[in-house]
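Undergrad: this is a predicted model, with the sequence first.
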Amino acid sequence: ALARYTARVSSTAIVILIVTGLVAGLLAGLLGIGGSVIMIPVITLGLGADYHLAQAAAMCVNVVVAIPAFYKHYKKKAIRFDVVGRILPGALIAIVVGVMLSDRLPSAVLTRVFGLFLIYAVYINARKLIQHRKGGDEDDEPTHADWLRCSVIGVVVGGAAGLLGIGGGVIAVALIHRFINLPLRHSVAVSSTVMCLTAPVGATRKLMGLDALHHPPLAGLPVDAQTALLVAAVLASTAIVASYIGAHLTHKLPVVYVRAVFTLLLVVACVKMLVG
């Protein structure tokens with residue numbers, strides 16, 4: 001299968017995917033984000049592939065990237081399973097609905113919507129940079145993990161994940177921390193756990209509908225499930241290892257500088273996806 005893929009694209013494209021998986025995995029481990037905010041712009045802008053293909057591949061990689069993060073948080077006993085149980089039902093339903101909606105939208109529309117999402121991602125990361133300078137943002141107030149709040153968060157996160165092909169961590173962590181008032185460490189842990197369960201569902205549904213889109217190939221890459229899985233396999237070959245390394249380096253490196261560089265990359269990607 002890999003030989004058939006290499007026959008479709010240049011060796012340069014494969015190297016780009018391998019490096020992209022490495023960077024996405026490292027950032028996922030270091031910053032607690034999904035890798036889609038890196039993978040989708042590279043696949044669509046760097047390789048010129050169809051957005052739906054990039055979305056399907058990224059959603060598959062999100063599955064393997066989420067597992068190391070979940071394991072890390074589980075070992076540290078940071079997961080609030082009561083919150084996970086209340087967020088999960090809405091998230092599972094919404095991610096399927098989001099994928100079904102994305103299948104009905106043209107790639108150009110999804111590209112613009114994803115560019116708008118990157119504006120939000122830039123805001124979140126810039127805010128965390130400012131909070132780091134002020135000394136953090138942990139709260140000692142009681143949490144508010146009632147069913148209504150958790151269900152609304154699940155629907156919002158799942159819907160965005162399915163529509164855009166993201167892991168949802170950038171949105172989930174902010175909403176859980178803000179509206180449920182969980183400490184940031186527990187918010188990240190809950191987000192990673194939910195992603196472990198929603199990502200496989202979303203990726204499976206996206207792959208099932210990919211062949212029915214009948215989109216023409218772009219950059220020599222057919223828009224079908226087989227190609228998406230092959231692209232995902234190349235990305236995951238480095239992403240899963242890099243996510244372990246990133247998680248280990250979280251307490252070793254000055255993450256604030258990594259986040260600053262990452263934010264600049266998001267700005268560039270955002271401009272290119274919105275302007276074209």
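TA: Arrived safely.
Undergrad: let me see the mean pLDDT of stretch 22-31.
TA: In this model, stretch 22-31 carries a mean pLDDT of 83.
Undergrad: tell me the SS of A239?
TA: Three-state assignment for A239 (DSSP: H, G, I helix; E, B strand; the rest coil): helix.
Undergrad: meant to ask about I16, not that
TA: helix.
Undergrad: for it, give me the pLDDT.
TA: pLDDT at I16 comes out at 93.
Undergrad: if I pick it, what's in contact with it?
TA: Neighbour list for I16: V42, G46, L47 [criterion: CB atoms under 8 Å, 6 or more residues apart in numbering]. (C-beta placed from N, C-alpha, C; glycine too.)
Undergrad: cool, and G25?
TA: G35, V65, T238, A239, I240, V241, A242, S243, I245, G246.
Undergrad: can you select the buried ones among the contacts of I16 for me in PyMOL?
TA: Here is the PyMOL selection string for the buried members of those, based on 16 or more other CB atoms under 10 Å:
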select buried, resi 42+47
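Undergrad: what is the nearest of the contacts of I16 to A121?
TA: Distance to A121 across those (CB to CB) is lowest for V42, with 15.0 Å.
Undergrad: ok, the closest one touching L22?
TA: No. Contact criterion CB atoms under 8 Å: V42 and L22 do not qualify, at 11.5 Å.
Undergrad: just the mean pLDDT for stretch 172-182, thanks.
TA: pLDDT averaged over stretch 172-182 gives 86.
Undergrad: need the contact partners of that stretch.
TA: Stretch 172-182 is contacted from outside by 32, 80, 83, 87, 124, 137, 139, 141-145, 149-150, 153, 156-157, 183-184, 187-188, 190-191, 194-195, using CB under 8 Å, 6+ apart.
Undergrad: buried subset of those residues?
TA: With neighbours counted by 16+ other CB under 10 Å, these contain buried members at 32, 80, 83, 87, 124, 143, 145, 149-150, 153, 156-157, 183-184, 187-188, 190-191, 194-195.
Undergrad: who's in contact with W147?
TA: By CB under 8 Å, 6+ apart, the residues touching W147 are R86.
Undergrad: how close does it sit to I171?
TA: The gap separating W147 from I171 is 19 Å, by CB to CB, to the nearest Å.
Undergrad: which residues in the stretch 1-150 of the chain form helices?
TA: For the stretch 1-150 of the chain, the helices defined by DSSP state H, counting those that start in this stretch cover 2-8, 11-31, 36-41, 51-75, 81-103, 107-134, 147-164.
Undergrad: TSV please, covering those and showing distance to A233.
TA: Listed next are the helices of the stretch 1-150 of the chain as TSV, based on distance: least, CB to CB, whole Å:
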stretch	distance to A233
helix 2-8	7
helix 11-31	9
helix 36-41	13
helix 51-75	8
helix 81-103	20
helix 107-134	22
helix 147-164	21
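Undergrad: to A269, which of those lies closest?
TA: Closest approach to A269 among those is made by helix 36-41 (3.9 Å; CB to CB).
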